[in-house]
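Student: task: produce atomic coordinates for the following.
(one chain, ligands or ions: 1)
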Amino acid sequence: MLYTVLKKGAAQRVASTASKAASKKLSTTIEQVFVRRPPPNFALGLTTPAFGKPSNTDYGQALRQWLRYVEVFERRGIPAVSLPPLDQDCPDAVFVEDTCVLFKDNITGEDVAVVCENMARERRPEVETMKEALLKQGFDNDHRPFDRIGVVDGEGEMLDGGDVLKCPVSNKVYVGLSSRSNRSGVDKLASLLPNHEVIGVPVTKVLHLKSCITALPDGRIIGYDPLVDDVDFFGGANNYLSVPEEGGAHVVILDDKTLLVAASAPRTADILDKEGYDLEIVDIEQFEKLEGCVTCLSVRRR
Ligand SMILES: NC(=O)NCCC[C@H](N)C(=O)O
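Tutor: Residues are numbered from 1 along each chain as shown. This is a model prediction of the structure:
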């Protein structure tokens, strides 16, 4: 299942202004982030067969790395909403990005939350607390019923937040057609975001789209070519920055000139530094062992 949650009045305003207003540029400013402390059993999280099972995991280190990750946002004055820990049955609960995608409608400026209830079966218990947190943070579902998509047995629409890449400047939304998201999920997302251009792209070599590409504040896509199905999907060489490390393909935009980058990608950091970006570098090695990256540890509201 997948729900939409709109702020009060948003649905009506979408209808009345969509045809008149000019499209807004996606903001790079983060208003708040949602995060969740890693559970002690995080090493039991899912991994794809090609990636394999993690070894040498260390919970103490994972916790320290997560605290430093959250501290980057807090130090910049970005409030972090901590979702309740799910220590028993949800080893992947730290990867909150997959449970939900937050948008500003690019015509009305209203917040739209798309909660992904039909993620991997093992991870579905994570979703309810995300939805509760959204409601507490001012999202509202009074104005229309939750839109259900997909079915519990895995047929129908599927969508994971890790497959959804919002692009600044172009207002395009690329969605990975991966093992976790399918064409029906993409179509549903497009219907929920009528003022965005939602484009499905194949993802066969990695878990999620954002495992191999993300976006820079200037609108360019940054990617690690060996893991990208087809770089031509992203607008050609002028719109694509190829980086030499897998960990460098995932960046979080902190503002127009600052990027959050994993410590596992020092050569990429060098390239981005030369491109003129300020960098916040975090070691997330423990989460990389579970196919995680810098994007998946938070949901950002912009
Ligand atoms: N968006 C992301 O990159 N999420 C990573 C999720 C990793 C987790 N072990 C999973 O397989 O769901």
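Student: give me the helices and strands touching the strand or helix carrying L241, please.
Tutor: Per DSSP states H and E, L241 falls inside strand 240-242. Under the contact criterion of 3 or more Cβ pairs under 8 Å, 6 or more residues apart in numbering; DSSP states H and E, the helices and strands touching strand 240-242 comprise strand 221-223. For every residue, glycine as well, the C-beta is placed using N, CA and C.
Student: what pairs with the strand it packs on, parallel or antiparallel?
Tutor: strand 213-215 (antiparallel), strand 240-242 (parallel) (DSSP bridges).
Student: I'd like the mean pLDDT over it, please.
Tutor: In this model, strand 221-223 has a mean pLDDT of 97.
Student: cool, stretch 27-41 as well?
Tutor: 94.
Student: repeat that for stretch 257-277.
Tutor: 98.
Student: again with stretch 86-93
Tutor: The model assigns stretch 86-93 a mean pLDDT of 94.
Student: please apply the same query to stretch 193-202.
Tutor: 92.
Student: again, but for stretch 102-110
Tutor: For stretch 102-110, the per-residue pLDDT averages 80.
Student: can you give me the first-to-last residue distance of it?
Tutor: Its first and final residues considered, stretch 102-110 spans 10 Å by Cα to Cα, to the nearest Å.
Student: can you pull the buried residues of that stretch?
Tutor: L102, F103, K104, D105, N106, I107, T108, E110 (16 or more other Cβ atoms under 10 Å).
Student: phi, psi for the third one please.
Tutor: Read that as K104. In terms of degrees, to the nearest 10, the main-chain angles of K104 are phi -100, psi 130.
Student: that one reaches R302, doesn't it?
Tutor: Yes: in this structure K104 lies within contact range of R302 using Cβ atoms under 8 Å: 6.4 Å.
Student: any residues in contact with both of these two?
Tutor: Residues touching both K104 and R302 (Cβ atoms under 8 Å, 6 or more residues apart in numbering): L26, S27.
Student: so how far is S55 from D278?
Tutor: Here the criterion is Cβ to Cβ, to the nearest Å. By it, D278 lies 34 Å from S55.
Student: ok, these two, which is more surrounded?
Tutor: D278 (11 against 7; other Cβ atoms under 10 Å).
Student: now for G292: which residues touch it?
Tutor: So G292 contacts V94, F95, I284 (Cβ under 8 Å, 6+ apart).
Student: which residues touch the closest residue to D92 other than its chain neighbours?
Tutor: Spatially, and ignoring its direct neighbours in sequence, D92 is nearest to G45 (4.1 Å; Cβ to Cβ, 6 or more residues apart in numbering). Contact analysis of G45 by Cβ under 8 Å, 6+ apart lists P54, P91, D92, F95, L290, E291.
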